[in-house]
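Engineer: Below is the structure, and that's it, no one-letter string:
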């Protein structure tokens, strides 16, 4: 079980990273649209690349996403008021995401351990 746990938890954290990249992309596109800013194709490609790098650098700790949102919102000219709204929403959803990913990873490892040790 310990060997599975040592391998499974880091792998589960790695596999949840694309979800965080999608969060960044959706938030920036959504708040830019709400502010009336148009994101052109060059900015969109830069956003995809930046979001991927940020998602890989994101540690599995609730609340850290706020620093990355600040950088992205500043880069795409989203007003600070929208950042406050995003931080308030992120506080709830980031906590839920972290708990769901952690419980899901551990549950998957327990089920896999039971199947392998029949």
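Structural biologist: Sure thing, it's come through. Note that the structure is predicted; figures quoted are calculated from it, not measured. Numbers count the residues shown, from 1 in each chain.
Engineer: Pull the distance from stretch 88-100 to the chain's centre.
Structural biologist: 10 Å (Cα atoms, centre = their mean, to the nearest Å).
Engineer: Now residue 59, what are its backbone angles?
Structural biologist: Per-residue torsions, residue 59: phi -80, psi 160 (degrees, to the nearest 10).
Engineer: who are the neighbours in contact with the residue positioned nearest the centre of the chain?
Structural biologist: The residue lying closest to the centre of the chain (Cα atoms, centre = their mean) is residue 20, at 1.9 Å. If a contact means Cβ atoms under 8 Å, 6 or more residues apart in numbering, then residue 20 has 54-55, 58, 65, 97 as its contacts. All C-beta spots, glycine's among them, are computed from the backbone N, C-alpha and C.
Engineer: Just after the host helix or strand of it, pick out the following helix or strand.
Structural biologist: Taking DSSP states H and E as the definition, residue 20 sits inside helix 17-34. Proceeding N to C from helix 17-34, the next assigned helix or strand is helix 41-57, under DSSP H and E.
Engineer: now for that next one, which elements pack on it?
Structural biologist: Where contact means 3 or more Cβ pairs under 8 Å, 6 or more residues apart in numbering; DSSP states H and E, helix 41-57 is packed against helix 17-34, helix 65-75.
Engineer: quick one: contacts of it?
Structural biologist: Here helix 41-57 makes contact (Cβ under 8 Å, 6+ apart) with 17-18, 20-22, 24-25, 28-29, 39, 68, 71-72, 75-76.
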